[in-house]
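K.L.:
okay, structure incoming, though there's no sequence with it:
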């Protein structure tokens, strides 16, 4: 990556604050013409890192009054000359001021282009760039903290440490291949194999951490499934602490799914209230049931809720009837017996077909804490908070890196070939490099930055 700012970029401009009305709005410029444009609009000589009160004008007169702050290269967010114009946050005055900048030879910034320039000018790596977007989009306090740690470089540092660990192994192996006259016999050196095994363990640990960080960003989806009138909608309302779904004693009230995101253990967990599984549905109910089965297929966790009074002496298959096949899944399943408040004391079932039941009352909230604890345990949210935020591409790259290490070890045991082992180690490094952007294809960068807002 370049150590000095890239000089041949156009000067770009964009509204950097969120759409809508606000007390303050910001126009951001980056590029070699930024200072000149700001000084023409303000008729002032701007000093670095000093807030100048200005009147911003175009050919038609006064646009607005506000502040102008100049950040010279390379000590700016993008690594280029950057100017921020802080004015009133009305949509029209912001648009008129932006148009004035564009009329002075700036161009409209593309989505994520400011952050892309920060990356290209070696101000941030890709994990830090993505952490900016994760911080903006974070829906929980834990998500904010994890994104901030990624922005500070925690994830990047661990990736770089792995790259160096693998690099040291490659140096020794390739030296033995390239300089056979030196009689470096790495095959007989069990310490090298131990180092590769240690690298595999470290990659697996980082992958596990990234998967937990991914959960903070992407969240999990839990489908609430059961017979009509089992209390699915009542449970959703209890979890949300508000009346999200219509509740009625009439079976089949819920005809379509209702989704509600809820903070569970610091992660955004989406609970999906679904239509009841009715053996003799009418035409509308059948459509709802088909959608229920689709939601179950797409969910990360299935939560089966039963009317506790129907479980005495019954099996799960008896209760689910024609829908028992829905249990044929590798996904985690929670079995919940509802309407505890209607049973006699100590009359609640503890298990059904050796499956532990969580007894609750969606009416009184009894048992809710146990249910939430079970969910947080399945999602590993009862452990320490994730060190950093992560994305699917990060976990995919770490999985491929781990696969290359394992392929190299198994292949070496079979063929005793240093050349093949060295190549697998090289490929593992390439996958690690994709995470931080040390080696990335242009189309990958395009996908990452295109998801940003314009002012970033």
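P.N.:
Received the coordinates, thanks. Just so it is clear, the model here is predicted, and its values are computed rather than measured. Numbers count the residues shown, from 1 in each chain.

K.L.:
surely residue 14 is within a helix?
P.N.:
No - assigned with DSSP: H, G, I helix; E, B strand; the rest coil, residue 14 falls outside any helix and is strand.

K.L.:
hang on, it packs against residue 31?
P.N.:
No - taking C-beta atoms under 8 Å as the definition, residue 14 is not a contact partner of residue 31, at 11.7 Å. In this view, the C-beta of every residue, glycine as well, is placed from N, C-alpha and C.

K.L.:
neighbour-wise, which of these two wins?
P.N.:
residue 31 (27 against 24; other C-beta atoms under 10 Å).

K.L.:
confidence score at that one?
P.N.:
Looking at residue 31, its pLDDT reads 96.

K.L.:
next up, the contacts around it.
P.N.:
Contact analysis of residue 31 by C-beta atoms under 8 Å, 6 or more residues apart in numbering lists 9-12, 80-81, 106.

K.L.:
ranges for the helices of the stretch 251-400 of the chain?
P.N.:
In the stretch 251-400 of the chain, the helices defined using DSSP state H, counting those that start in this stretch lie at 283-298, 316-320, 368-378, 392-415.

K.L.:
now render these as a markdown table, adding mean pLDDT, mean neighbour count and distance to residue 36.
P.N.:
Formatted as a markdown table, the helices of the stretch 251-400 of the chain follow (pLDDT from 0 to 100; neighbours: other C-beta atoms under 10 Å; distance: least, C-beta to C-beta, whole Å):
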| stretch | mean pLDDT | mean neighbour count | distance to residue 36 |
| --- | --- | --- | --- |
| helix 283-298 | 80 | 16 | 53 |
| helix 316-320 | 68 | 16 | 72 |
| helix 368-378 | 91 | 16 | 55 |
| helix 392-415 | 91 | 18 | 39 |
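
K.L.:
for residue 210, find the nearest of the ones you listed.
P.N.:
Across the helices of the stretch 251-400 of the chain, residue 210 has its closest neighbour in helix 392-415 (5.0 Å, C-beta to C-beta).

K.L.:
distance between that closest one and the chain's centre?
P.N.:
Distance of helix 392-415 from the chain centroid (C-alpha atoms, centre = their mean, to the nearest Å) equals 24 Å.

K.L.:
packing partners of it?
P.N.:
helix 190-218, helix 418-436 (3 or more C-beta pairs under 8 Å, 6 or more residues apart in numbering; DSSP states H and E).

K.L.:
the inter-axis angle of the first one versus helix 418-436?
P.N.:
Our comparison of helix 190-218 with helix 418-436, counting by axes from the mean of the first three to the mean of the last three C-alpha atoms, to 10 degrees, yields an angle of 30 degrees.

K.L.:
and the next element down the chain from helix 190-218?
P.N.:
strand 220-226 (DSSP states H and E).

K.L.:
for that following strand, what is the average pLDDT?
P.N.:
Mean pLDDT, computed over strand 220-226, is 90.

K.L.:
what comes up buried for that strand?
P.N.:
For strand 220-226, burial by neighbour count (16 or more other C-beta atoms under 10 Å) applies to 220-226.

K.L.:
by contact count, what packs against the helix or strand just after that strand?
P.N.:
As assigned by DSSP H and E, the chain's next helix or strand after strand 220-226 is helix 232-240. Contact here means 3+ C-beta pairs under 8 Å, 6+ apart; on that basis helix 232-240 packs against strand 220-226, strand 258-264, strand 267-273, strand 333-338.

K.L.:
distance to residue 134 added to those strands, as a markdown table?
P.N.:
Output for the helices and strands packed on helix 232-240, formatted as a markdown table (distance: least, C-beta to C-beta, whole Å):
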| stretch | distance to residue 134 |
| --- | --- |
| strand 220-226 | 17 |
| strand 258-264 | 16 |
| strand 267-273 | 12 |
| strand 333-338 | 29 |
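
K.L.:
which of those sits closest to residue 148?
P.N.:
strand 267-273 (16.3 Å).

K.L.:
avg pLDDT for the closest one?
P.N.:
Mean predicted lDDT for strand 267-273 stands at 90.

K.L.:
distance from it to the middle of the chain?
P.N.:
Centroid separation for strand 267-273 versus its chain: 15 Å, with C-alpha atoms, centre = their mean.

K.L.:
who are the packing partners of it?
P.N.:
If you count contacts as 3+ C-beta pairs under 8 Å, 6+ apart, strand 267-273 packs onto helix 141-151, helix 190-218, strand 220-226, helix 232-240, strand 258-264.

K.L.:
do you know which of these lies nearest residue 358?
P.N.:
Closest to residue 358 of those, according to C-beta to C-beta: helix 232-240, at 11.0 Å.

K.L.:
can you pull the buried residues of the closest one?
P.N.:
So, applying 16+ other C-beta under 10 Å, buried residues of helix 232-240: 232-240.

K.L.:
what's the farthest-apart pair in those?
P.N.:
232 and 240 (12.7 Å).

K.L.:
and stretch 104-122, how far apart are its ends?
P.N.:
End-to-end distance of stretch 104-122 (C-alpha to C-alpha, to the nearest Å): 28 Å.

K.L.:
which SS state does residue 45 fall under?
P.N.:
Quick answer, by three-state DSSP: residue 45 is coil.

K.L.:
and stretch 75-88, which residues are buried?
P.N.:
In stretch 75-88, the ones that count as buried by 16+ other C-beta under 10 Å are 76-88.

K.L.:
contact partners for the closest residue in space to residue 22 that isn't next to it in sequence?
P.N.:
Sequence neighbours aside, residue 89 is the residue nearest to residue 22 in space, at 3.2 Å (criterion: C-beta to C-beta, 6 or more residues apart in numbering). Residue 89 sits next to 17, 21-25 when contact means C-beta under 8 Å, 6+ apart.

K.L.:
buried ones only from these, please, as a PyMOL command.
P.N.:
Entered in PyMOL, the line below selects the buried ones among those, by 16+ other C-beta under 10 Å:
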select buried, resi 17+25
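
K.L.:
between the contacts of residue 89, which sits nearest residue 204?
P.N.:
Using C-beta to C-beta, the contacts of residue 89 come closest to residue 204 at residue 17, 42.2 Å.

K.L.:
measure residue 307 to residue 266 for me?
P.N.:
32 Å (C-beta to C-beta, to the nearest Å).

K.L.:
so for the two, which residue has more residues nearby?
P.N.:
When neighbours are counted by other C-beta under 10 Å, residue 266 comes out ahead of the other of residue 307 and residue 266, with 20 against 17.
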